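1. Whatever this is, show me its structure:
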Amino acid sequence: MPEYQTHEHDVLVIGAGGAGLRAAIEAAAAGVSVGLVCKSLLGKAHTVMAEGGIAAALGNVYPEDNWEVHFRDTMRGGKMLNNWRMAQIHAQEAPDRVYELEEWGALFDRTDDGRILQRDFGGHRFARLAHVGDRTGLEMIRTLQQNAVHGGIEVFMECTVIRLLTEGDRISGAFAYWRESGAFVVFRAKAVVLATGGVGKAWKITSNSWEYTGDGHALALWAGADLIDMEFVQFHPTGMVWPPSVRGILVTEGVRGEGGILRNKDGERFMFRYVPDMYRSETAETEEEADRWYTDRKNARRTPDLLPRDEVARAINTEVKEGRGTEHGGVFLDIASRRSASDIERKLPGMYHQFKQLADVDITEEPMEIGPTCHYVMGGVRVDADTAAATIPGLYAAGEVAGGMHGSNRLGGNSLSDLLVFGRRAGEAAAEYALGTDGVPAVDQPEVDRLATEALEPFERDRGENPYTLHQKLQDCMQELVGIIRTEVELKQAMEELAALEERAARVRVEGHRQYNPGWHLALDLRSMLAVSTCVALAALERKESRGGHTRDDYPGPDPQFAQVNVRVRQADPEIAVDQIALPEMPAELRKLFDGEKKTDQKEKKD
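-> This next block holds a predicted model:
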């Protein structure tokens, strides 16, 4: 029987971004032993790429902002498909989590009287994003990381988890390998928190970093947990378009929050043509009104450039399809004509240097060329709203890997507060579960041996498929057939191609040895990406309507029936099964928030 390095903890946190670090901090504070596993180096999680800010109703810029308004904005942004309880908890607790970061040493931009400054973002009624220039995620990770290290949490860097381990119907740990040596490691744990982020590396044009291969989604699926809302993939409207080497790299929504506007190749501010009915009463009808809104919020309505991301991405896609796009297949984002060079360099330093260094574009003098890029998945592990517990005892999920919070579309800035709010709750609940569990569950040794053998199979083949070729084919398939606009014909074609790719992936071959072998790493990551891609395509086929981040050209409008359900996917060996489950019903006292808004909308239309 092979010997494996073994570590034992009460709580194992997989992922060291904002959600993982916050979960680890909270679990350790409860007095349990915590292990933190990260795929890359500590401090390099994808959270550092978050730029615009943390959404929280602090009321520092607009005193009338409060959790109820934030809750309403979040639900409307998600087209009312959010788990209402998660959205409520998020809106209520986000301010405390921001002030907590400040107490731990986070540095924020300030108002003239010294309070945390907040900026505008799409879909938010008030300026509510607490920020540090356009490098907010970096400051957040720095602060959380220092707190975690100070708390004595044991960190396992450059370690990739292959499978979750179970004893009966409960979690017992995880099986992983060291990326540097290729050696296998067994983690025994009473509870596991998934905080692994997203799935974007399955698409060709993406803002996501190399870590985002759907690991946590697949781990939960294979362990028997439910996933929901996997059809909802957010294509951020503003990613870099040119040159090709940087296509997809994110351009923060903060550019539009600071006054940037979208223009097509003819110089037209086209977003006025794409205002949906839901937002019409609160959106400016003319350029003059939109420009005035930046200084006169009471007598002017907000610019359509700050509509929610799904609306803006579809608008850009339409402009390009109808021949009004730029030379390289995007549109222009102009801040140069709107703000002084000193303001741009001070408020958007990351964007200034990004375009200067990567595209030789000075954004203080000329517009950026941008277009939609795969950015975020709203779907994920089905969790309890209050505890972040999955449908398997001992398993928890927080952040992008968890589903429900954002409904069919996430508002910008809600991701960072989501990480903090539900990272804390997941860590707290996991620690409580561990403290109530006698002894660490047993690990199935034959299962571990089988997983190790499977992982090493690519080295044993004399001939086989190239993992890089398969990854390229997967990205092409998802980009072309499961992208911004979908049809039944294309989704069924995608399912056929994904099935064929899965067969080919079972014959993948890698050369060399196990020590830091990127081809082997990709061969293992392909299993996660293919599983998650299948979940997305299946769920997209099931949802026969257009809503939020899911647009069906053959079902162009929303369907009231689908407004009542989440699409669920789960492993039903050997296939992945899909069905519909009822959406949790919102209590009457919260529904009144939307009834009042409807009356206001009607009054404004009459006026």
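2. From the chain's centroid, how far away is the longest helix seen in the chain?
-> Longest helix in the chain by number of residues (criterion: DSSP state H): helix 518-542. How far helix 518-542 lies from its chain's middle: 16 Å, per Cα atoms, centre = their mean, to the nearest Å.
3. Also stretch 133-152?
-> Relative to the centre of its chain, stretch 133-152 is centred 19 Å away, using Cα atoms, centre = their mean.
4. The helix or strand hosting residue 73 - contacts with which helices or strands?
-> Using DSSP states H and E, residue 73 sits within helix 67-77. Judged by 3 or more Cβ pairs under 8 Å, 6 or more residues apart in numbering; DSSP states H and E, helix 67-77 is in contact with helix 84-103, helix 588-606. To be clear about C-beta, it is placed using only N, CA and C from the backbone, and glycine gets the same treatment.
5. Extract the C-alpha trace of the first one and format it as PDB.
-> Pointing back at helix 84-103 there. Extracted in PDB, the C-alpha atoms of helix 84-103 (Å, rounded to 0.1, in the frame of the first residue of the first chain):
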ATOM      1  CA  TRP A  84     -33.700  36.300  -1.000                       C
ATOM      2  CA  ARG A  85     -32.200  35.400   2.400                       C
ATOM      3  CA  MET A  86     -28.700  35.400   1.100                       C
ATOM      4  CA  ALA A  87     -29.200  38.800  -0.500                       C
ATOM      5  CA  GLN A  88     -30.700  40.100   2.700                       C
ATOM      6  CA  ILE A  89     -27.900  38.800   4.900                       C
ATOM      7  CA  HIS A  90     -25.400  40.200   2.400                       C
ATOM      8  CA  ALA A  91     -26.900  43.700   2.400                       C
ATOM      9  CA  GLN A  92     -27.300  43.800   6.200                       C
ATOM     10  CA  GLU A  93     -23.800  42.500   7.100                       C
ATOM     11  CA  ALA A  94     -21.600  44.100   4.300                       C
ATOM     12  CA  PRO A  95     -21.000  47.400   6.200                       C
ATOM     13  CA  ASP A  96     -19.700  45.600   9.300                       C
ATOM     14  CA  ARG A  97     -17.300  43.500   7.200                       C
ATOM     15  CA  VAL A  98     -15.900  46.600   5.500                       C
ATOM     16  CA  TYR A  99     -15.400  48.400   8.900                       C
ATOM     17  CA  GLU A 100     -13.800  45.100  10.200                       C
ATOM     18  CA  LEU A 101     -11.300  45.300   7.300                       C
ATOM     19  CA  GLU A 102     -10.600  48.900   8.200                       C
ATOM     20  CA  GLU A 103     -10.000  47.900  11.800                       C
END
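6. neighbouring strands for the following helix or strand past it, and are they parallel or not?
-> Next helix or strand after helix 84-103 toward the C-terminus (DSSP H and E): strand 118-119. Here strand 118-119 is paired, per DSSP bridges, with strand 129-130 (antiparallel).
7. Off-centre distance for the partner strand?
-> 18 Å.
8. Identify the residues contacting that strand?
-> The contact list for strand 129-130, computed with Cβ atoms under 8 Å, 6 or more residues apart in numbering, reads 52-56, 58, 98, 108, 116-121, 136, 254, 257, 412-413.
9. tell me the centre residue of this protein?
-> For the chain, the residue nearest the mean C-alpha position is residue 376 (3.7 Å; Cα atoms, centre = their mean).
10. And for that residue, nearest residue in space, chain neighbours not counted?
-> Leaving out its chain neighbours, the residue that sits closest to residue 376 by Cβ to Cβ, 6 or more residues apart in numbering is residue 234, at 4.1 Å.
11. my guess is the one you found is in a helix, correct?
-> No: the assignment for residue 234, made by DSSP: H, G, I helix; E, B strand; the rest coil, is strand rather than a helix.
12. what's the most buried one of the helices and strands packed on helix 67-77?
-> Most buried of those by mean neighbour count (mean count of other Cβ atoms under 10 Å) is helix 84-103; its value is a mean of 20.
13. thinking again about what came up before, what sits against the residue nearest to residue 376?
-> Counted by Cβ under 8 Å, 6+ apart, residue 234 has contacts 309-310, 313, 374-378, 409-410, 549.
14. Next step: those restricted to helices.
-> Members of those lying in helices (criterion: DSSP H): 309-310, 313.
15. Make CSV from the contacts of residue 234 and add distance to residue 510 and pLDDT to it.
-> Shown next, in CSV, are those (distance: Cβ to Cβ, whole Å; pLDDT from 0 to 100):
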residue, distance to residue 510, pLDDT
309, 38, 88
310, 39, 88
313, 36, 92
374, 26, 94
375, 30, 93
376, 31, 95
377, 28, 97
378, 34, 97
409, 38, 95
410, 36, 95
549, 34, 94
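16. Give me the buried entries from those residues.
-> When the contacts of residue 234 are checked for burial by 16 or more other Cβ atoms under 10 Å, the buried set is 309-310, 313, 374-378, 409-410, 549.
17. could you redo those residues as a markdown table and give each row distance to residue 523?
-> Shown next, in a markdown table, are those (distance: Cβ to Cβ, whole Å):
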| residue | distance to residue 523 |
| --- | --- |
| 309 | 33 |
| 310 | 34 |
| 313 | 32 |
| 374 | 22 |
| 375 | 26 |
| 376 | 26 |
| 377 | 23 |
| 378 | 28 |
| 409 | 34 |
| 410 | 31 |
| 549 | 30 |
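18. burial count for the nearest residue to residue 461 once chain neighbours are set aside?
-> Distances taken as Cβ to Cβ, 6+ apart place residue 509 nearest to residue 461, at 4.3 Å, with adjacent residues excluded. Taking other Cβ atoms under 10 Å as the criterion, the count of residues near residue 509 is 17.
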